[in-house]
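1. Got a sequence here, can you model it:
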Amino acid sequence: MVRTYRFRLSAYTIALLMFLMLTLGYTYEYSRGVILEEAENNITSTAQVLNSNLELEENELLHYAEIVRDDLRIKEYMFMTAKVGTDNEALVALLDRQFGWLPVERQIVIANNGRVLVGKEHTDLAEHVRQHQANAKAGVFYFQGRKGLEMVAWAGVEYEGISLGAIALTHLLNGAWLEQLRQTSGGYIFIEDNGAIQLSTLASSIGSEFVPKPNGRVIVADETYRIRRLMLSGPQKHAPRIWFGASEKELLMKLERHSRLVLLFTIAGCLAILWVGLAIIRNFNKPLTQLMHMTRKVASGELPRMKKSVPRNEIDMLYNQFAEMLQALREKQQEIEIAHKELEQTAITDSLTRLYNRRHLQEVFPRVLSQAHRESLHLAGILLDIDHFKQINDQFGHLGGDQCLIQFSRILRDTCRANDYIFRIGGEEFLILSIHDNQQGGQQLAEKIRDIIETHPASLNDTVIPMTTSAGVSHADFSLSAHEALSHLLMHADKALYAAKISGRNQVVAHTEDKSLSPFTANAVS
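-> Sure, this is the predicted structure:
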């Protein structure tokens, strides 16, 4: 059987259809796992957010309790009531007047002997506070009150070193509180006690059995929920528990919508492939084969040249447009390469002097240090500074100062060797990294530059601006890391430069191995 292009294209189309179906089938299974995993992660992260919100509420309620406890008048009235035995009406009135604004459900004041000074009607709350009061000075716990689950914050009260008792405030975790929590989480909140739901944002579940399974799921009213327990402060032995949950049914509904979307894309993809396959089979010709060949080259990173043909049909027009596109891409690629080189150069050079900047110094120094160390040579750092540069700016203006910087950098470029690195590291300060056979090489180069600077002034509008320079020379320590070696090199060169300036300027001072500073002259080198 002869395998023509038509036969092969038909086979390719069928194979592509099968591949598409397999790919979409795999995509569906993978997406299902991703959706369920994302749901688990979302439930966990939401539970963590809710735990954080609970912790904030606990801290806020405890802060309120501490505010009441720290009020001096409250302490005095409590002392009079608990220790002296006066009537508690003044304490009740003061508490209501001073702290009636607090957003709390209940508040009580208990003496150390167990007597309730304020809030005698809250006997259930008083009993729980007495139990916790014996074990700590302050804290937060939860208990099932008469109206529902309550968050309790209490703080011990002392007056002049005498322990008087405790103040406790409560916040009711009621339906409104649960609804606020639900709006934050987007899921369902359950308050469970002894295996039964006491309160929930899912109204139909109240009173239902609640028995969590080891896999983090629970069945409520014949529906499965993925749940996470919220952590509450204080002992949890007899207190109700709060859970956050998400309905698996709702999660599967999202998955079902995704499945329909995948099926729709599968059908559309198959139809599109069939249509395109038939169109290619009907219109396949030499230009299209050439286009495919060129496309493969472009995909591999090439931009081949294509000669335009006489347009006889749409394929020929497409072929010519592709040729134009390749030409445009080549031109754009050239522009991008030029712009990239310019950006690279801008990033590492100073805009005024066109010398390397301090940023490039950090990049190039380790390489230069390694080269000098490898070849057993000396790496010198020459730090130069234009003398009295501020006076130049004051006398000739900033344009004059710029001309000095430009002339200075031009002399540095002309004087230094091709393998030297020249940097403008700030203001009128310049650094040269130079490799030499001996330590005197860097000093000789610095003296040569100093001499040329002195005899080659700058000019501005036919006005001569004389210049001199001071230089400090130091050498890299190969026993240090690149970062430390650069820091030491700059530090020693800076000290040498400073010594040159305070010694009268227009001179070179070298930092020697014995860490001494010595002026350099051309005659000092044998």
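2. now the strands for the stretch 251-400 of the chain?
-> For the stretch 251-400 of the chain, strands defined by DSSP state E, counting those that start in this stretch occupy the ranges 378-386.
3. Output the below-cut-off pLDDT ranges for it.
-> Segments of the stretch 251-400 of the chain classed as low confidence (criterion: pLDDT under 70) are 255, 258, 277-294, 298-303, 306-316, 318-319, 339, 342-345.
4. change it to 90
-> For the stretch 251-400 of the chain, the stretches flagged by pLDDT under 90 are 251-354, 357-359, 362.
5. In it, mark out all the helices, start to finish.
-> In the stretch 251-400 of the chain, helices defined by DSSP state H, counting those that start in this stretch lie at 286-299, 314-348, 358-374, 389-415, listed in chain order.
6. export these to CSV and tack on mean neighbour count?
-> (Glycine included, C-beta is placed from N, CA and C.) Written out in CSV, the entries for those read as follows (neighbours: other CB atoms under 10 Å):
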stretch, mean neighbour count
helix 286-299, 13
helix 314-348, 13
helix 358-374, 15
helix 389-415, 17
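7. Just put those in a markdown table and tack on distance to residue 185.
-> As requested, the helices of the stretch 251-400 of the chain are arranged in a markdown table below (distance: least, CB to CB, whole Å):
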| stretch | distance to residue 185 |
| --- | --- |
| helix 286-299 | 48 |
| helix 314-348 | 48 |
| helix 358-374 | 48 |
| helix 389-415 | 62 |
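8. so which helix or strand takes in residue 452?
-> For residue 452, the host element (DSSP states H and E) is helix 440-455.
9. coming back round to it: of all the helices of the stretch 251-400 of the chain, which one is nearest residue 73?
-> With respect to residue 73, and counting by CB to CB, the nearest of the helices of the stretch 251-400 of the chain is helix 358-374 at 63.6 Å.
10. What is the neighbour count of residue 130?
-> Neighbours of residue 130 under the rule other CB atoms under 10 Å: 16.
11. Between strand 378-386 and the helix or strand that contains residue 490, find me the angle.
-> Secondary-structure element containing residue 490, defined by DSSP H and E: helix 482-502. Taking axes from the mean of the first three to the mean of the last three CA atoms, to 10 degrees, one finds that helix 482-502 is oriented at 40 degrees with respect to strand 378-386.
12. Can you say which of the helices of the stretch 251-400 of the chain is nearest to residue 134?
-> Closest of those to residue 134 is helix 358-374, at 63.7 Å (criterion: CB to CB).
13. what helices or strands is the closest one leaning on?
-> Helices and strands touching helix 358-374, as assessed by 3 or more CB pairs under 8 Å, 6 or more residues apart in numbering; DSSP states H and E, comprise helix 314-348, strand 378-386, strand 421-426, strand 429-436, helix 482-502.
14. Please identify the buried residues of the helix holding residue 452?
-> Of the residues in helix 440-455, 440-447, 449-450, 453 count as buried by neighbour count, 16 or more other CB atoms under 10 Å.
15. Which one of the residues you listed is nearest to residue 433?
-> Checking these against residue 433 by CB to CB gives residue 442 as the nearest, at 9.4 Å.
16. thinking again about what came up before, nearest to residue 502, out of the buried residues of helix 440-455: which one, please.
-> Here the nearest of those to residue 502, counting by CB to CB, is residue 450; it sits at 16.5 Å.
17. you'd agree the closest one is up against residue 471?
-> Yes: with contact taken as CB atoms under 8 Å, residue 450 and residue 471 are classed as touching, separated by 6.0 Å.
18. Could you list the low-pLDDT ranges of the stretch 101-250 of the chain?
-> Low-confidence regions of the stretch 101-250 of the chain, defined by pLDDT under 90, span residues 112-115, 119-120, 123-124, 126-139, 142-149, 159-164, 173-250.
19. can you list the domains in the protein?
-> Per automatic domain parsing, the structural domains of the chain span 1-284, 285-333, 349-524.
20. Tabulate those (a markdown table), appending distance to residue 340.
-> Listed next are these as a markdown table, based on distance: least, CB to CB, whole Å:
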| stretch | distance to residue 340 |
| --- | --- |
| domain 1-284 | 37 |
| domain 285-333 | 10 |
| domain 349-524 | 15 |
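21. picking that back up, quick one: contacts of the helix holding residue 452?
-> For helix 440-455, the external contacting residues (CB atoms under 8 Å, 6 or more residues apart in numbering) are 378, 380-382, 384, 408, 411-412, 415-416, 420, 432, 434, 436, 467-471, 473, 475, 506-508, 510, 520-522, 525.
22. Next, report how far the helix ranked longest in the chain is displaced from the centre of its chain.
-> In the chain, assigned by DSSP state H, the helix with the most residues is helix 5-69. Distance of helix 5-69 from the chain centroid (CA atoms, centre = their mean, to the nearest Å) equals 22 Å.
23. counting contacts, what elements does it pack onto?
-> helix 89-99, strand 138-144, strand 149-159, strand 162-172, helix 175-185, strand 223-230, strand 241-247, helix 248-283.
24. got the angle between the first one and helix 5-69?
-> Spelled out, that is helix 89-99. Computed by the same axes, to 10 degrees, the angle between helix 89-99 and helix 5-69 is 140 degrees.
25. From residue 225, how far out is the most centrally placed residue in the chain?
-> If you average the C-alpha coordinates of the chain and look for the closest C-alpha using CA atoms, centre = their mean, you land on residue 45, 19.0 Å from that point. As judged by CB to CB, to the nearest Å, residue 45 and residue 225 stand 17 Å apart.
26. now do residue 384
-> Using CB to CB, one gets 75 Å for the distance from residue 384 to residue 225.
27. and what of residue 497?
-> Distance, residue 497 to residue 225, using CB to CB: 74 Å.
28. swap in residue 53?
-> Residue 53 is 20 Å from residue 225, where distance means CB to CB.
29. Between these two, tell me which one has more neighbours.
-> With other CB under 10 Å as the criterion, residue 53 and residue 225 differ in neighbour count, and residue 225 comes out ahead with 26 against 15.
30. Assess the claim that the more buried one and residue 218 are in contact.
-> Yes: using CB under 8 Å as the test, residue 225 is close enough to residue 218 to be in contact (5.4 Å).
31. shared neighbours, the two?
-> Shared contacts of residue 225 and residue 218, defined by CB under 8 Å, 6+ apart, comprise residue 245.
32. Please settle this for me: is residue 212 part of a helix?
-> No: assignment of residue 212 by DSSP: H, G, I helix; E, B strand; the rest coil gives coil, placing it outside any helix.
33. Ignoring the adjacent residues along the chain, who's closest to it?
-> For residue 212, ignoring the flanking residues on the chain, the nearest one in space by CB to CB, 6 or more residues apart in numbering is residue 218 at 4.9 Å.
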